[in-house]
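Chemist: whatever this is, show me its structure:
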Amino acid sequence: MIILLTGATGTLGSQVLFSLIEERFSSIEKLYLLVREKKTVSPEKRISNMLESDFAPSFIKDNLKGILAKIVVIAAKDILKPEQFLSGKKISNFIHLAGFVNLSTRPEAKTEIFKENFEFTKSIFETYSPVIDKFTYISTAFSAGDIGGLIPNDYLRMEPKSHRNHYEASKFASEQFLTQAGAALNIPVQILRPSVLGGNISNKPSFFISKYMVFYLFAKFFHNTTTRDEIRITANSNSGLNIIPTDYAAKVIVKVFDTTIKQLNIVHSKTTHVTRGVSRILETVDFENFKLTPHMISAATGFESKLEKFYYDTIGVHITPYLTSKPCEWDTTELEKILPIPKYNLEEYLGSTITFAKANGFRNQKW
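Modeler: Have a look, this model is predicted:
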């Protein structure tokens, strides 16, 4: 099996890489990893830093030499030049996990977000289509938009509702392109859609996540504020937060990437109630002076404190569309057959993930 994985140093990508090595090592002939360069760290060094870190499974540490012999690191600048490293070989599975997570709603941000997600995905598929047997695309469970109700795995037969931001829209556009292009070229395309990623539930250390995003940024905002002004937070009391542990999502991807499954949402069977979830987050970061309201707060309605204005001028722009989403649940019948969702208390898990983040100063892991 010859695999090419993009996004290997990312939050989900690093866990997918760990799981691939742990669970599929004997069947992997070559594992190509697309890695961006950093100013002071080469792509090769970034991968070795990951594999030698305290967060890597013991299997990797015990078999590092043999693992490195199967890995080929590709600098991002060479990703559209497969002839330089494939040497006539064909890729069994191209797993495209790299993505640009930007929840901006600003019109001027659309071009960059679509370039990084849709245009880049289109370019790599067109470049690699002659040399791949299958293409797996890691999208987002929110690419269908704010639809509410019971959400099935097959988004592509649905008419997307209002996307909450350009990120969701760019991922759905990528799904549509890949499905049509794959059918035209007779290349199987698989679309896997994790929801919001939280810390590890099974892997050690518990609650570890390499990059703090989405609800973590909400927690960080209130953890770092130096004022305790009262703030009204707009939220739909009937809505919920769907959060899935990163290590669980990675294990599902590794289980299904070489199967005939075409679309799969990797989500929790239950959402964390938004009122209890937000309250648990703020309680964990010791912020008490808030109240949830169904009313939209903006400059037009007026702000009641400087903190309130700062919140709605910054992260509130990105978070509010999710806190006010239509109530929904995902159909996890197929997912449960593949790998049962771990059983745990959703609110306790949410509090534990924030406690872990606090203990680490909300600092992202630098590979």
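Chemist: and the gap between residue 294 and residue 274?
Modeler: Distance of residue 294 to residue 274, given as CB to CB, to the nearest Å: 11 Å. Just so you know, the C-beta spots here come from the backbone N, C-alpha and C atoms, and that holds for glycine as well.
Chemist: quickly list what's touching both of those two.
Modeler: Common contacts of residue 294 and residue 274 (CB atoms under 8 Å, 6 or more residues apart in numbering): 235-237.
Chemist: show the buried residues in the residues you listed.
Modeler: 235-236 (16 or more other CB atoms under 10 Å).
Chemist: my read is that residue 31 contacts residue 73, right?
Modeler: No. Between residue 31 and residue 73 there is no contact under CB atoms under 8 Å: 9.6 Å.
Chemist: who has more neighbours, residue 294 and residue 274?
Modeler: With neighbours defined as other CB atoms under 10 Å, residue 294 and residue 274 compare such that residue 274 has more, 22 against 10.
Chemist: residues touching the more buried one, list them.
Modeler: Here residue 274 is in contact with 235-241, 292, 323 (CB under 8 Å, 6+ apart).
Chemist: now these as JSON lines including secondary structure and distance to residue 147?
Modeler: Shown next, in JSON lines, are the contacts of residue 274 (DSSP: H, G, I helix; E, B strand; the rest coil; distance: CB to CB, whole Å):
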{"residue": "235", "secondary structure": "coil", "distance to residue 147": "19"}
{"residue": "236", "secondary structure": "coil", "distance to residue 147": "14"}
{"residue": "237", "secondary structure": "coil", "distance to residue 147": "19"}
{"residue": "238", "secondary structure": "coil", "distance to residue 147": "15"}
{"residue": "239", "secondary structure": "coil", "distance to residue 147": "13"}
{"residue": "240", "secondary structure": "strand", "distance to residue 147": "14"}
{"residue": "241", "secondary structure": "strand", "distance to residue 147": "16"}
{"residue": "292", "secondary structure": "strand", "distance to residue 147": "23"}
{"residue": "323", "secondary structure": "helix", "distance to residue 147": "17"}
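Chemist: between these, which is nearest residue 41?
Modeler: When the contacts of residue 274 are ranked by distance to residue 41 (CB to CB), residue 241 comes first, at 33.9 Å.
Chemist: how about residue 72, secondary structure?
Modeler: Taken by DSSP: H, G, I helix; E, B strand; the rest coil, the conformation at residue 72 corresponds to strand.
Chemist: beta-bridge partners for it, please?
Modeler: Under DSSP bridges, the beta-bridge partners of residue 72 are residue 32.
Chemist: in the longest helix along the chain, what's buried?
Modeler: Longest helix in the chain by number of residues (criterion: DSSP state H): helix 166-185. Within helix 166-185, the residues that count as buried by 16+ other CB under 10 Å are 166-175, 177-179, 181-182.
Chemist: distance between that helix and the chain's centre?
Modeler: Centre-to-centre, helix 166-185 and its host chain are 17 Å apart (CA atoms, centre = their mean, to the nearest Å).
Chemist: before we move on, what about stretch 83-103?
Modeler: Offset of stretch 83-103 from its chain centre (CA atoms, centre = their mean): 17 Å.
Chemist: for it, list every residue counted as buried.
Modeler: Applying 16+ other CB under 10 Å to stretch 83-103 flags 85-86, 91-103 as buried.
Chemist: cool, and stretch 54-65?
Modeler: Going by neighbour count (16+ other CB under 10 Å), the buried part of stretch 54-65 is 55-56, 60.
Chemist: residue 91 and residue 30, how far apart?
Modeler: 9 Å.
Chemist: where do the contact lists of those two overlap?
Modeler: Here residue 91 and residue 30 have 2-3 as joint contacts, going by CB under 8 Å, 6+ apart.
Chemist: give me the contacts around stretch 21-30.
Modeler: With CB under 8 Å, 6+ apart as the test, stretch 21-30 has contacts from 1-3, 20, 31, 57, 59-60, 63, 67, 70-72, 89, 251, 254-255.
Chemist: show me these that map onto strands.
Modeler: Residues of the contacts of stretch 21-30 located in strands (DSSP state E): 2-3, 31, 71-72.
Chemist: identify the residues contacting the nearest residue to residue 245 once chain neighbours are set aside.
Modeler: What sits nearest to residue 245 in space, not counting adjacent residues and going by CB to CB, 6 or more residues apart in numbering, is residue 201, at 3.7 Å. Residue 201 is in contact with 207, 245, 247-248, 342, 344, 349, counting by CB under 8 Å, 6+ apart.
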